[in-house]
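J.: Sequence first, then the predicted structure, then my questions.
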Amino acid sequence: MPHRPRRLLLVMPVALLATLAIAGCVVTPSPAPVETPAASPVASETPSPTPSATPTPTPTVPQEDPANPVPLPDSTPPGTSLAIGDSMLVRNATGVLEESEAWSIIRYTVTGIERGDDAYLQGIDDAEAYQGGGSVWYVRGRVEVVALFGRAIDGVVGGTIAGIQSDGQGAAGVFAVGAEAPGCSGNFMVTAAQVGTAEDTCTVALALPGTEVVGAYFYGDGTVPNGGSSTDPYWVDPIVWRA
């Protein structure tokens, strides 16, 4: 079924930014001075042994793949504007694991956007909104595994690329297993990933009647449900490709 990531707002209002800055301000009160009383003489006695402190466990760091580049490349900042054909780098959680357990560095490139086969809409459940002029588009690109840390379930890395409609909204995509269109598959993901693996890929973008798909964006948090929100900086301020 169609999955609409969210409305895509390319510009955040300044008033909202000011509100967030105020809300994020934390003031730590200084403790009041404490008067130390004079010591009183006490009878001599054998001191009790001091129990040894329990050591603080050291957090586990995911094991680094020996094939990783040194030094690791920097991620592309949120809000970056790119042209079709440009690449970005980002750190992603790996598979279905938490980022503290496994993560990867991925290079994404959007290489082109083209009209797909509109007959594809006939095989999608809940596609009523696209009847009477909706259209199918293919966002083509390349995904490359630059670095790996920790382990991956089934070795799946990548994803979270979607189209942008001409009205500025994020285009719906179809990411369910088995929902890929003939001639457009991969969804910007790599399975059985190894450092250096690079694959040509494609994801479907559905345009509502009266719109076209004119760009693509990386929205970061692929786990947010329809209508949800996230503090992921790429969700708040996505990376955008435009022709």
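T.: Ah, there it is. Residues are numbered from 1 along each chain as shown.
J.: Going by C-alpha atoms from here, please, whenever you check contacts or count neighbours.
T.: Fine.
J.: Bridged to Gly173, which residues?
T.: Taking DSSP bridges as the rule, Gly173 bridges to His3, Ala205.
J.: was I right about it contacting Ala207?
T.: No: the pair Gly173 / Ala207 is not scored as a contact, 9.3 Å apart, by C-alpha atoms under 8 Å.
J.: Quick check: which element contains Ala67?
T.: For Ala67, there is no enclosing helix or strand under DSSP states H and E.
J.: For beta bridges, what are the partners of Gly112?
T.: According to DSSP bridges, the partner residues bridging Gly112 are Arg140.
J.: Now do the same contact list for it.
T.: Going by C-alpha atoms under 8 Å, 6 or more residues apart in numbering, Gly112 touches Ile84, Gly85, Val139, Arg140, Gly141.
J.: where along the protein do the strands fall?
T.: Per DSSP state E, the chain carries strands over the ranges 81-83, 87-93, 102-115, 135-150, 157-158, 161-165, 172-173, 189-190, 198-207, 213-218, 239-242.
J.: JSON lines for these, including distance to Leu72 and mean pLDDT?
T.: Compiled in JSON lines, those are given as follows (distance: least, C-alpha to C-alpha, whole Å; pLDDT from 0 to 100):
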{"stretch": "strand 81-83", "distance to Leu72": "22", "mean pLDDT": "98"}
{"stretch": "strand 87-93", "distance to Leu72": "11", "mean pLDDT": "91"}
{"stretch": "strand 102-115", "distance to Leu72": "9", "mean pLDDT": "94"}
{"stretch": "strand 135-150", "distance to Leu72": "8", "mean pLDDT": "94"}
{"stretch": "strand 157-158", "distance to Leu72": "17", "mean pLDDT": "86"}
{"stretch": "strand 161-165", "distance to Leu72": "23", "mean pLDDT": "95"}
{"stretch": "strand 172-173", "distance to Leu72": "32", "mean pLDDT": "86"}
{"stretch": "strand 189-190", "distance to Leu72": "20", "mean pLDDT": "90"}
{"stretch": "strand 198-207", "distance to Leu72": "17", "mean pLDDT": "94"}
{"stretch": "strand 213-218", "distance to Leu72": "21", "mean pLDDT": "96"}
{"stretch": "strand 239-242", "distance to Leu72": "20", "mean pLDDT": "96"}
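J.: Using JSON lines, lay out the ones you listed together with distance to Pro62.
T.: Shown next, in JSON lines, are the strands of the chain (distance: least, C-alpha to C-alpha, whole Å):
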{"stretch": "strand 81-83", "distance to Pro62": "31"}
{"stretch": "strand 87-93", "distance to Pro62": "12"}
{"stretch": "strand 102-115", "distance to Pro62": "6"}
{"stretch": "strand 135-150", "distance to Pro62": "4"}
{"stretch": "strand 157-158", "distance to Pro62": "16"}
{"stretch": "strand 161-165", "distance to Pro62": "26"}
{"stretch": "strand 172-173", "distance to Pro62": "32"}
{"stretch": "strand 189-190", "distance to Pro62": "20"}
{"stretch": "strand 198-207", "distance to Pro62": "23"}
{"stretch": "strand 213-218", "distance to Pro62": "25"}
{"stretch": "strand 239-242", "distance to Pro62": "27"}
